[in-house]
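Asker: return a 3D structure for these sequence lines:
(chains A and B)
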Amino acid sequence: MALRLLLWLVIAGGLAAGFAWAPLVPVLGATTHVLYLHVPAAFVAFIALGWSMLHSVLYLARRDMRHDDHAAGAAELGILFCVVATISGSLWAKAQWGSYWNWDPRETSIFFVLLIYAAYLALRGALEDGPRRARLSALYSVLAFVTAPFLFFVVPRLYASLHPSPILPSREQGSMDPRIRVCFDAMLVGFTGLFFWMLNLRVRLGALARRHAEVELEPPDSAVAAAGRGTR
Amino acid sequence: MSAWSSAGAMWALLRKEWVSEWRTRWGLHAALLFAVATLTAVSFAVGRLADRVDVLAALLWVVLLFAALSSLAHTFVRETEGRTLTLLRLVASPATIVFGKLLFNLLFLALLEVVIVPLALLLLGGPPPRWPALLGVLALGTLALASATTLLGALTAQARGRGALFAALALPLLMVVLAAGVSGVRAQWEGGAVAPALRLLGAFAAAMLGATLLLADHLWEE
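Answerer: Residues are numbered from 1 along each chain as shown, chains lettered A, B, ... in the order given. Take a look at the predicted model:
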């Protein structure tokens, strides 16, 4: 409970401070505020993809359904954060480049990452619940993660991109205003915490659904016993 | 299994796939018909594109990609529907099966390209290509395409709605091949450097082949 409260405080505080306390980046003007959502969301989308791949590999090695819950949950949340990154990036592009969508290589890359997540969920939808679905989804998740670095880092270098890289001066360059850095770091930590909190809920829900399905399949006597064990 | 016996098994699998395909030829026919119909429709709609090598390069790869997607999964679907996969798994390891099918997919794509590329140049009116550069991009693009889709074919053959699912799963992964292929074909026409596209296609193919090798053992239950 305390951790959850702290998480919301960090996000709300980071966002409020970004609007009210941190200065604007001169070139970006008021669009600086969008970056407090856009960059952490894109960062967490990549973490989600990595988390999904990690648990997919662990599932293939150990065949434990909890790893499948983690992989599926991370992919579902990855879609959510990808959508946030795409929409916020699109708003920023409208203000800076004059159009919501420019087919910039980075815009296109994040869109294809979104399609990869959607394809992963489509695959899960085409398979029955159980170990086969977990195994085949894990295989696709690993293939998707092998593709991701090419989409994120290599394809944008092949085509001219309007997207600044890096968008804000790096820590090494030392020219970022410390107040912007504080808000930015708070949002990064907050979004990462939000991802893991939501993932935890999703994993627990998956375990409960599996247990529920098991109880429904058990003979009546053992189901009552199992329900009794569950309430204790 | 030694490397020699694996290579022998892969060769046997390639021959078996070729004979199976040659008996019915529906996969090859479907892909070729799709490609010819698409090229004809496009050339009728937009005319000759000799001065638009950017559009020409994109159209060439889009036709190649979709023609390939219409048939690349069928090597595994044929085994599943004919209930012959179990027998195949008794005589060869999963990696051998996957790499044998991959060799066949390479041959299949090469046959497609022998027809599609000259036809596209003829119908859409492309300028004379730099053949070594164009063939290099096509060869590495084909390897990247086959290495990414063979494992996916094995995977989707075990799911419902195989045909549509295969395209939905493959397209986002193949964006890299499409981007690098279009960039390379366009560069060879514009006199630019083809090496970055070749490097990207080669690296992607190597990554996919490595992943296929590592994941093949998990494709089917014991």
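
Asker: what parts of chain A come near chain B?
Answerer: Applying Cβ under 8 Å from any Cβ of the partner chain, one finds that chain A approaches chain B through A:60, A:108, A:112-113, A:115-116, A:118-119, A:122-123, A:126-127, A:131-132, A:135-136, A:138-140, A:142-144, A:146-147, A:150-151, A:154-155, A:157-159. All C-beta atoms are positioned from the backbone trio N, CA, C, and that covers glycine.

Asker: only whichever of those are buried, select them in ChimeraX.
Answerer: To isolate the buried members of those in ChimeraX, using 16 or more other Cβ atoms under 10 Å in any protein chain shown:
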select /A:60,108,112,113,115,116,119,122,123,126,127,135,136,138,139,140,142,143,144,146,147,150,151,154,155,158
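
Asker: the residue lying closest to A:A48 once chain neighbours are set aside: how many residues sit nearby?
Answerer: Leaving aside its chain neighbours, A:A48 sits nearest to A:G78 (3.3 Å; criterion: Cβ to Cβ, 6 or more residues apart in numbering or on different chains). The tally of other residues near A:G78 (other Cβ atoms under 10 Å in any protein chain shown) stands at 26.

Asker: check contacts around A:G78.
Answerer: For A:G78, the contacting residues are A:45, A:48-49, A:52, A:113, A:117, by Cβ atoms under 8 Å, 6 or more residues apart in numbering or on different chains.

Asker: could you check the pLDDT of residue 2?
Answerer: No chain in the question, so chain A it is. Per-residue confidence at A:A2 stands at 84 (pLDDT).

Asker: that's the wrong chain, I wanted chain B
Answerer: Here the pLDDT value assigned to B:S2 is 72.

Asker: residues from chain B in reach of chain A?
Answerer: Counting by Cβ under 8 Å from any Cβ, the positions of chain B adjacent to chain A are B:148, B:151-152, B:155-156, B:158-161, B:165, B:168-169, B:171-173, B:175-176, B:179-180, B:183, B:196-197, B:200, B:203-204, B:207-208, B:211, B:215, B:218-219, B:221.

Asker: so where's chain B shaky on pLDDT?
Answerer: Scanning chain B for pLDDT under 70 picks out B:1, B:222.

Asker: which stretches of it form helices?
Answerer: Remark: helices assigned in chain B by DSSP state H are B:3-24, B:26-46, B:53-69, B:74-81, B:85-91, B:94-124, B:131-156, B:162-190, B:195-215.

Asker: what does chain A give?
Answerer: Here chain A has its helices, by DSSP H, at A:2-20, A:32-62, A:65-97, A:105-125, A:131-149, A:155-158, A:178-217, A:220-231.

Asker: what's B:A170 in contact with, if anything?
Answerer: So B:A170 contacts B:69, B:72, B:148-149, B:152 (Cβ under 8 Å, 6+ apart).

Asker: out of the helices of chain A, the one nearest B:L134 is which?
Answerer: helix A:155-158 (17.6 Å; Cβ to Cβ).

Asker: send me the closest one as PDB with only the CA atoms.
Answerer: Once non-C-alpha atoms are left out, helix A:155-158 reads as follows in PDB (Å, rounded to 0.1, in the frame of the first residue of the first chain):
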ATOM      1  CA  VAL A 155      16.600   0.900 -39.600                       C
ATOM      2  CA  PRO A 156      16.400   4.600 -38.400                       C
ATOM      3  CA  ARG A 157      20.000   5.000 -39.500                       C
ATOM      4  CA  LEU A 158      19.300   3.700 -43.000                       C
END
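
Asker: ok, and what's touching it?
Answerer: Residues outside helix A:155-158 that contact it (Cβ under 8 Å, 6+ apart): A:105-106, A:108-109, A:163, A:165, B:175-176, B:179-180, B:183, B:196-197, B:200.

Asker: before we move on, what about stretch A:113-133?
Answerer: Contacts for stretch A:113-133 (Cβ under 8 Å, 6+ apart): A:45, A:49, A:52, A:63, A:65, A:68, A:72, A:75-76, A:78-79, A:82-83, A:86, A:136-137, A:140-141, A:144, A:147-148, A:151-152, A:213, B:155-156, B:158-161, B:165, B:168-169, B:171-173, B:221.

Asker: 7 Å instead, please
Answerer: Stretch A:113-133 is contacted by residues A:45, A:49, A:63, A:72, A:75-76, A:78-79, A:82, A:86, A:136-137, A:140-141, A:144, A:147-148, A:151, B:158-161, B:165, B:168-169, B:172-173 when judged by Cβ atoms under 7 Å, 6 or more residues apart in numbering or on different chains.
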